[in-house]
Structures are given as structure tokens and as C-alpha cells.
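Novice: fold the following for me, if possible:
(chains A, B, C and D)
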Protein chains: 2
Amino acid sequence: MEVLERKQRTREQTRTGIITTAKDIARREGWQAVSIRKIADAIDYSPPIVYEYFDSKDVLLDEIRKEGFRFLHKEYERIDKLYRDPEKRLYEISMAQWDFAMKQPEIYQVMYNLNGAFCTIPVHENAEMQAVSTLIQSIIFSFIPKAKESIRRLFFEWWSISHGMISLAMILKDQQSLDQSQQIYLESMRRFARGLK
Amino acid sequence: MEVLERKQRTREQTRTGIITTAKDIARREGWQAVSIRKIADAIDYSPPIVYEYFDSKDVLLDEIRKEGFRFLHKEYERIDKLYRDPEKRLYEISMAQWDFAMKQPEIYQVMYNLNGAFCTIPVHENAEMQAVSTLIQSIIFSFIPKAKESIRRLFFEWWSISHGMISLAMILKDQQSLDQSQQIYLESMRRFARGLK
DNA sequence: CAATCAGTTTAACACCGTTAACTTAGCCAA
DNA sequence: TTGGCTAAGTTAACGGTGTTAAACTGATTG
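Specialist: As a prediction, the model looks like this:
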């Protein structure tokens, strides 16, 4: 029986099932097509069950957003440990950011409310995002020890170039191939990192 | 003939009323709150009337998007005529871009599908956007005459920095004041323009 | 056996985009 | 004057949405 099989699943499995299904639908059909009913359908439950795991659709989206920032944080910490040279660190982090956005665009979209994804919870209140932000700022600081204000400024510049190029690369992908965009991206990030010292 | 002209005029007025109302709601409550029913209510018509002017909500959003690019195009042409120095031209255009995004955020949002705005019509198919793109590329060319490919590349860089900083400034406005962001923006754009020669 | 309780579903509310079918008002010819 | 035609506009419906209260179901407990 479907019902019996379903009951075997733990609560945690159902929770991750909801998240995975939401991302699957978003990947295939876009975030505007993600609905509580579709998710419930896919995990063989009725819609109200989703609310046993997430207070609202907004909270569910925020959870996926957090997942994204947690993933990036782990990646960046890995890179931070792997390399000594701050220039290399920043370049590798830039690369990881691009790869993440291209391999999991649906997560990147919900992180920045792009393309139909819409989460009303302000991203700057997100602790996971703050952690990423702090980590990268500390790398920039290890590069050129300056006042906190200057570091924040440089981080904002780095983030803007990265996010701007990733966003536009996605928007213009039918006009300018992702390979071309990536090439420009990597060179720009290298130039930025080199320009710091 | 007179009757026909008047009819045309009132029809045009209703049309702009629909567009203005859509922008008003988006400005006050965000794009996710913009619905055909609310627009119809505001202009004292029933919902189907909106479809006499726009085939779908998508087309209505695309029209507002076009309006945005048309506005920018006019602004940029004005600047192009006003200044001789390409460096000054590019800097002034960057400033105009920032002002536009801050003064009419709801239009900027629909142009880039940000924050709940979602128009499925690909922006790169938009002729108005192409015109803006071409104009800025020609300014960069007048600056440093290089191969078409290089110009496209530099334009992509300029656009990315501009769009990235504007997007992030909006997202982080509660954390980093818009004045601070603007300062960084203007300096970055000046540096970019100066770096071209 | 009766009562309770967790787990789950049904049904409802107030919305949404969109469209078919209906009504109404104005005009013109008979 | 009256009948019919046309255009403008409305009503009502379809299938969808997020969300919640109420009902149901089945197992466990007193």
C-alpha cells in the first residue's frame, strides 16, 4: 500500500521530501509554478500536512534559502582551509559561487528573489547569509588589513560584480552563451582579487 | 472623424490608466499584490475590460518593462548629446541608471523580474532593451575603438557592476544605507569609465 | 467497552488569471 | 414607433492559489 509505505518514512524524511519536491518543481517549471498542493501531491499527502512542517510557504522558501547559504558557507570554509594565498582564496570562492548558481539555479533564484521566486522574509535577517558575508570579509581583511568600513565596502564591490554577472548571464543566456559569460566572470574576479593588494 | 478621435483618446486614457494603476499597486504593495481584479476595481471597470487592452497580465508587465527601457533610452540619448567626453558620458549614464532604479523601483523590478515581479516574456527579445544596449556599446566604442566582441564584453562588465550594485543596494538597504551604496556605486562607475582609456 | 488522542483528510474561504455567455444602451431602417 | 443590430460592459464560471477549521479514522489506554 502507498499509505503504509508512506508511514514508514520518518518525520525528517517527509520534511526533506517537501523541500526536495519544491526545488524539483522550481527547477522544471519555475518558482511561479511551485504550489503547496503540487508539493502535497508529489509526497502523497494532503495540503494541510505541509503546514505541519512549515508555518507557511514563505517559511518553506526561507528554509531553502538558508540551505543555499549553508551550502556556500561550507564550500567557502573548505576553500579557506585549502589555500593560503588570499588572492587564490577569493578567486576560488568566486568560482564556487558561479558553479553553485549554474548547478542549482532554483536555489540561487530563491536566495535573491529572482524569476518568480518570492520570499517576503528579508534576506539580510538571515543568519546563514551573515555567516557567508563575515567569512568573505575576513578573507578580504587577511588580504589587506584595513578599517572595518573599507572591508565592508570591498565586500560589497566583490558581491555586486559576482551577483550582477551571474544574474545577467542567466537573463542573457540565449544571447551570450554561459561559457562566454563565465570567461568574462572569471577574468573580472581574478582582476578584482589581484587589484586588492 | 471627431467622434473617432475622441474615442481613440479615451481608449488611450484607459490604457494608460491600467498601466499607471498596476505601477501604483506594485509601488505600494509589491508586484505579488498586483492583480487584474484590483486594477479593474481601481479604474472602475470589470476585470474582462483589462483584456481589451492587454492580451494577458504577461503582456501588461512587458509593456511596463518596455516603458522603462524607453525612458532610459531617452535619458541616455539626452546625455549622449549633452556631453562630448565619453568618460563623462558613461559616468552620467551610470548616474541616471541609479536614479531611475531608486525613483521607480517597481519598473526596475519588472525589467529584471525582481522581488515578485514575473514576466515570462524574455527580456532579451525586447527591442527597447536592445536599443539601450546598442547605445551604450556605441559610447564605449567611441571611447576605445576595439573589435565588436571586446565592446560587448566591456558593456557586459559595465552592466553587471551597475545591475549588481543596484540589486544588492535594494536588498541590503536596511543594513547599508542607500546613500552609502550610492557612494560606492558612483565611485565604482567612475573607476570603470576611467579604466577604459 | 468506551474514551481519548495523534495523524490525516475534507471542505471551506477568499483570493487569482482568464473566458464564455449574457445584458444593456444606442442607433438606424422600416 | 418599433424591431433588429451592434458595441460596451458585466456576470458567472473554470480551474487554480495559500491557508485553516472541522471532521474523520484508527490505534491506544483506562
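Novice: which stretches of chain A form helices?
Specialist: Ranges of helices within chain A are A:2-8, A:11-29, A:36-42, A:47-53, A:57-82, A:86-103, A:105-111, A:127-143, A:148-171, A:178-196, based on DSSP state H.
Novice: nearest to residue B:14, of those?
Specialist: When the helices of chain A are compared by CB to CB, helix A:148-171 sits nearest residue B:14, at 32.0 Å. For glycine as for every other residue, the C-beta is placed from the backbone atoms N, C-alpha and C.
Novice: and that closest one, which residues are buried?
Specialist: Judged by neighbour count (16 or more other CB atoms under 10 Å in any protein chain shown), helix A:148-171 contains these buried residues: A:151-171.
Novice: over to stretch A:27-38?
Specialist: For stretch A:27-38, burial by neighbour count (16+ other CB under 10 Å) applies to A:30-31, A:34, A:36.
Novice: now check that stretch, is it near DNA strand D?
Specialist: Yes. Applying CB under 7 Å from any atom of the strand, one finds stretch A:27-38 touching DNA strand D at A:34-38.
Novice: how much space between residue A:167 and residue A:181?
Specialist: Separation of residue A:167 from residue A:181 (CB to CB, to the nearest Å) stands at 11 Å.
Novice: ok, now residue A:105?
Specialist: Per CB to CB, residue A:105 is found 13 Å from residue A:181.
Novice: give me the more crowded residue out of those two.
Specialist: residue A:181 (23 against 16; other CB atoms under 10 Å in any protein chain shown).
Novice: list the residues that contact the closest residue to the more buried one other than its chain neighbours.
Specialist: Nearest residue to residue A:181, sequence neighbours excluded (CB to CB, 6 or more residues apart in numbering or on different chains): residue A:169, at 3.6 Å. Listed by CB atoms under 8 Å, 6 or more residues apart in numbering or on different chains, the contact set of residue A:169 reads A:176, A:178, A:181-182, A:185.
Novice: including distance to chain B and pLDDT, could the buried residues of stretch A:27-38 go into a markdown table?
Specialist: Listed next are those as a markdown table, based on distance: CB to the nearest CB, whole Å; pLDDT from 0 to 100:
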| residue | distance to chain B | pLDDT |
| --- | --- | --- |
| A:30 | 8 | 98 |
| A:31 | 8 | 98 |
| A:34 | 12 | 98 |
| A:36 | 16 | 98 |
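Novice: how about the helices of chain A in CSV, adding distance to residue B:146?
Specialist: Output for these, formatted as CSV (distance: least, CB to CB, whole Å):
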stretch, distance to residue B:146
helix A:2-8, 62
helix A:11-29, 39
helix A:36-42, 50
helix A:47-53, 55
helix A:57-82, 34
helix A:86-103, 25
helix A:105-111, 32
helix A:127-143, 31
helix A:148-171, 20
helix A:178-196, 14
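Novice: ok, which of those comes nearest residue B:24?
Specialist: Nearest of the helices of chain A to residue B:24, taken as CB to CB: helix A:57-82 at 24.3 Å.
Novice: for residue A:182, which non-adjacent residue is spatially closest?
Specialist: residue A:98 (6.3 Å).
Novice: which residues touch that neighbour?
Specialist: A:162, A:166, A:182, A:185-186.
Novice: ok, of these, which one's closest to residue A:115?
Specialist: Of all those, residue A:166 has the smallest distance to residue A:115: 12.4 Å, by CB to CB.
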